[in-house]
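>>> A predicted structure for the sequence below; I have some questions about it.
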Amino acid sequence: MDLKSNHTAPVLADPVPLNKSRMGVHSSMLPYSSAAFSSDLFLNIPRKKTGILDDVRANSWLDAMKASSPPHRKIIKDSNNDLASTDADVAYRTWLLHYPSALTSFEQITNCAKGKRIALFLDYDGTLSPIVDNPDCAFMSDAMRAVVKKVAKHIPTAIISGRSRDKVYEFVGLKELYYAGSHGMDIMGPVEQFTSGDHPNNIMSTSKQGKEVNIFQPAREFLPMIDEIFSSLMENTKEIKGVKIENNKFCISVHYRNVEEKSWDTVANCVHEIIKHYPRLRLTHGRKVLEVRPVINWDKGKAVMFLLKSLGLSNCDDVLPIYVGDDRTDEDAFAVLREGNRGYGILVSAVPKESKAFYSLRDPSEVHNILLLKHFYVMEFLKSFVYWKQSSAL
């Protein structure tokens, strides 16, 4: 399959467009460049008098929150009690022409992977685990854990999540993986050959399994500020029923999934009133979550590049990175893999949306339980990879 192919035909756009202001990877910012740790790491985002904050503008937060949190689709059946085709189904099938299923395209992917070393990167929430009302209960199934463990025995595998690194490890519990938390701002990876261990963003450590690892934290200086914001948010939102504030070490998640919609503007205003005093922090949003993050030139895409370099897999023609994710923050990783024809992004989504991914995996809410079957499709894809890798080794 030609990695250079573009999806030029019209597709249904995400109700919240991808942030056009995000910076791509350039040579001076690659993690293996000496410039990667300079003051250029910090973005210079001008602040207008109106108080515009990155993705979410102060005067339209409520619209953005609604757009990024679409309602569940209803299951529609015909007179014979069979699932009926809807306009959404037709739109999804049309969308699949441009973002084909990774399962039905598996042979094409493996043909491209022949003779190459694979590196696999996975998001956690919504990809390996279901999206749930209580983020503390986003557990992956034993079956999913088992297949991820098998994959990691054959392919270098990392999880890159918005959660804190410790929290993701607690959920997954697999020593065979590499972990990047806080959207890639807290990376536990193999010992690097290119970064000095005494760099302030770099910590040489020993994992709980006794393995020497490198901890890379490009936003370490923000920790006191993040803790201060977390305390303020906890105090100022305690009267809002259903809101949950999660400290993910280098970013803070404000979950409003369980907040009545009429109170969403209260959540947004509360966050805005606090963050407006911190020009070095920005606000982004996902599905029913607002996230406070440091203003630095670092994201999941750069985390992928960092890990590839750490694994000795960057700038190699015989390497095929694959990234599977479902969230807007995963688009940074998809974009990095698309640039320079590095590899494949696979978007997990039940609805048509614009993406930098090449392939998709479905979240079929119209057929069965939306979370269990999304789980199933990702797991079947990983199982297929294990089988292919085992067969190709014979």
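It's in.
>>> if you go through the stretch 101-250 of the chain in chain order, where are the helices?
Here the stretch 101-250 of the chain has its helices, by DSSP state H, counting those that start in this stretch, at 106-113, 142-154, 165-172, 223-236.
>>> Tabulate those helices (a markdown table), appending mean pLDDT and distance to I252.
For every residue, glycine as well, the C-beta is placed using N, CA and C. Compiled in a markdown table, the helices of the stretch 101-250 of the chain are given as follows (pLDDT from 0 to 100; distance: least, CB to CB, whole Å):
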| stretch | mean pLDDT | distance to I252 |
| --- | --- | --- |
| helix 106-113 | 90 | 37 |
| helix 142-154 | 89 | 27 |
| helix 165-172 | 94 | 13 |
| helix 223-236 | 96 | 5 |
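>>> Can you tell me which of these is most buried?
Stretch with highest mean neighbour count among the helices of the stretch 101-250 of the chain: helix 165-172 (a mean of 20; mean count of other CB atoms under 10 Å).
>>> for the helix or strand harbouring C270, packing partners?
Assigned by DSSP states H and E, C270 belongs to helix 264-275. For helix 264-275, the elements it packs on are helix 61-67, helix 223-236, strand 281-286, strand 289-294, judged by 3 or more CB pairs under 8 Å, 6 or more residues apart in numbering; DSSP states H and E.
>>> redo that, cut-off 7 Å
The contact analysis (3 or more CB pairs under 7 Å, 6 or more residues apart in numbering; DSSP states H and E) places helix 264-275 against helix 61-67, helix 223-236, strand 281-286.
>>> what packs against the second one?
The elements that helix 223-236 packs onto, with contact taken as 3+ CB pairs under 7 Å, 6+ apart, are strand 244-247, strand 252-255, helix 264-275.
>>> buried set for the last one?
Judged by neighbour count (16 or more other CB atoms under 10 Å), helix 264-275 contains these buried residues: W264, T266, V267, A268, C270, V271, H272, I274, I275.
>>> Report the secondary structure state of L320.
The three-state label given to L320 by DSSP: H, G, I helix; E, B strand; the rest coil is strand.
>>> re the thing from before, any chance of the helices and strands packed on helix 264-275 in JSON lines, plus distance to G312?
Below are the helices and strands packed on helix 264-275 laid out as JSON lines (distance: least, CB to CB, whole Å):
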{"stretch": "helix 61-67", "distance to G312": "41"}
{"stretch": "helix 223-236", "distance to G312": "30"}
{"stretch": "strand 281-286", "distance to G312": "32"}
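>>> quick one: which of the ones you listed is nearest H255?
Counting by CB to CB, H255 lies closest to strand 281-286 out of the helices and strands packed on helix 264-275; the figure is 9.7 Å.
>>> can you state the direction angle for the closest one and helix 223-236?
60 degrees (axes from the mean of the first three to the mean of the last three CA atoms, to 10 degrees).
>>> Now do the contacts for I226.
Residues near I226 by CB atoms under 7 Å, 6 or more residues apart in numbering: F250, I252.
>>> Can you check which of the helices and strands packed on helix 264-275 gets nearest to G184?
strand 281-286 (13.3 Å).
>>> now the angle between strand 289-294 and the closest one, please.
150 degrees.
>>> Could you export strand 281-286 as CSV, keeping only the C-alpha atoms?
Extracted C-alpha coordinates of strand 281-286, given in CSV (Å, rounded to 0.1, in the frame of the first residue of the first chain):
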residue,chain,number,x,y,z
LEU,A,281,-0.8,27.0,30.9
ARG,A,282,-3.3,26.2,28.2
LEU,A,283,-6.7,24.6,28.0
THR,A,284,-7.7,21.8,25.6
HIS,A,285,-10.7,19.6,25.5
GLY,A,286,-11.8,16.0,24.7
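>>> For this structure, which element, helix or strand, carries the lowest mean pLDDT?
Ranked by mean pLDDT, DSSP states H and E, the weakest helix or strand in the chain is helix 61-67, scoring a mean of 66.
>>> Going along the chain, name the strands of this protein.
117-122, 157-160, 178-181, 186-190, 202-206, 212-216, 244-247, 252-255, 281-286, 289-294, 319-325, 344-348, 359-361 (DSSP state E).
>>> What residues does S253 make contact with?
By CB under 7 Å, 6+ apart, the contact list for S253 reads G162, E246, V289, E291.
>>> contacting residues around D133?
Applying CB under 7 Å, 6+ apart to D133 gives the contacts R257, N258.
>>> tally of neighbours for K241?
When neighbours are counted by other CB atoms under 10 Å, K241 registers 10.
>>> Then G126?
Close neighbours of G126, defined as other CB under 10 Å, add up to 23.
>>> mind showing which ranges of the stretch 201-350 of the chain have poor pLDDT?
Residues of the stretch 201-350 of the chain meeting the criterion pLDDT under 70: 204-212.
>>> T104 is nearest to which of the strands of the chain?
Shortest separation from T104 across the strands of the chain is recorded for strand 359-361, at 9.3 Å, computed as CB to CB.
>>> how much space between R280 and K302?
18 Å (CB to CB, to the nearest Å).
>>> who has more neighbours, those two?
Counted by other CB under 10 Å, R280 and K302 do not tie: K302 has more neighbours, with 27 against 14.
>>> Quick one: mean pLDDT over stretch 122-131.
The pLDDT scores in stretch 122-131 average 89.
>>> buried sites along that stretch?
For stretch 122-131, using 16+ other CB under 10 Å, the buried residues are L122, D123, Y124, D125, G126, T127, L128, S129, P130, I131.
>>> Run through who's touching it.
138-140, 144, 148, 157, 159-161, 163, 168, 171, 287, 324-327, 330, 348, 371, 375, 378.
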